[in-house]
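J.: turn this into a model:
(chains A and B)
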Amino acid sequence: GAGVSQSPSNKVTEKGKDVELRCDPISGHTALYWYRQSLGQGLEFLIYFQGNSAPDKSGLPSDRFSAERTGGSVSTLTIQRTQQEDSAVYLCASSLGDDQPQHFGDGTRLSIL
Amino acid sequence: SQKIEQNSEALNIQEGKTATLTCNYTNYSPAYLQWYRQDPGRGPVFLLLIRENEKEKRKERLKVTFDTTLKQSLFHITASQPADSATYLCALDNDKIIFGKGTRLHILP
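T.: Numbers count the residues shown, from 1 in each chain, chains lettered A, B, ... in the order given. I've put the predicted structure just below:
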């Protein structure tokens, strides 16, 4: 597809379970970002991948959160032992580089019961 | 402390008028600033990027200004239409991109 694709679009799970969220960026985009957006809030930066460089993980809220990007393309955000405060929309974006516009997916709406 | 602030109140504008949204920042020195539009249930969509050496940028009915002295960007939509109703986010670069919380804009028919 032409845009950033995220799956699943919605995820409901029980507290304590692990979840994996997937992001397929635009082909050729070297930069990939994950954000979290809670209701009525701005975008909270989580993690940034750029090419083969070490990812910037400075936004990850706890060690329960991790992300990887395989082959410079698809990325997976994993949340272990989910808590109710993890409920939010998780957005992925990709871009051609640091100072280029970001192209966003429509997010995964995560609900922790 | 570092802040990026947008009008927290929703902005109601009559159709056909110019809508002006404000983005103020504190303790940042961004090389560029971006504006995005976000509709409910969707991801943000890029609109315009303006660099620190540019005073103004235009795209169709959109205009962005960037005043590095005032530490402010203004986003204008001229001849506004109900379809322009959305939340508008400003974002600035500070090693990584920092987003404001956005301003909800309602264009009233």
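
J.: hey, let's count contacts and neighbours off CA atoms from now on
T.: Noted.

J.: for the helix-or-strand element of chain A with minimal mean pLDDT, packing partners?
T.: Least confident helix or strand of chain A, by mean pLDDT, DSSP states H and E, is strand A:43-50 with a mean of 94. Under the contact definition 3 or more CA pairs under 8 Å, 6 or more residues apart in numbering or on different chains; DSSP states H and E, strand A:43-50 sits against strand A:31-37, strand B:96-99.

J.: among the ones you listed, which is nearest B:Gly41?
T.: strand A:31-37 (11.1 Å; CA to CA).

J.: can you report how many residues neighbour the closest residue to chain A within chain B?
T.: Going by CA to the nearest CA, chain A is nearest to B:Lys101 of chain B, at 3.8 Å. For B:Lys101, the neighbour count with other CA atoms under 10 Å in any protein chain shown is 22.

J.: same question for B:Thr68.
T.: B:Thr68 has 19 nearby residues by other CA under 10 Å.

J.: please enumerate the strands of the chain.
T.: Looking at chain A here, since you left the chain open. A:5-7, A:10-13, A:19-24, A:31-37, A:43-50, A:65-69, A:75-79, A:88-95, A:103-104, A:108-112 (DSSP state E).

J.: ah, no, chain B please
T.: Using DSSP E, strands in chain B cover B:3-6, B:11-14, B:19-26, B:32-38, B:45-51, B:56-59, B:62-67, B:72-77, B:86-94, B:96-99, B:103-108.

J.: lowest average confidence across the ones you listed, which one?
T.: The minimum mean pLDDT among these belongs to strand B:96-99 (a mean of 87).

J.: what sits against residue 72?
T.: Answering for chain A, as no chain was given. Neighbouring residues of A:Gly72 by CA atoms under 8 Å, 6 or more residues apart in numbering or on different chains: A:Thr30, A:Gly51, A:Asn52.

J.: you looked at the wrong chain, it should be chain B
T.: Shown in contact with B:Gln72 (CA under 8 Å, 6+ apart): B:Thr22, B:Cys23, B:Asn24, B:Tyr25, B:Phe66.

J.: many thanks, I have nothing further to ask.
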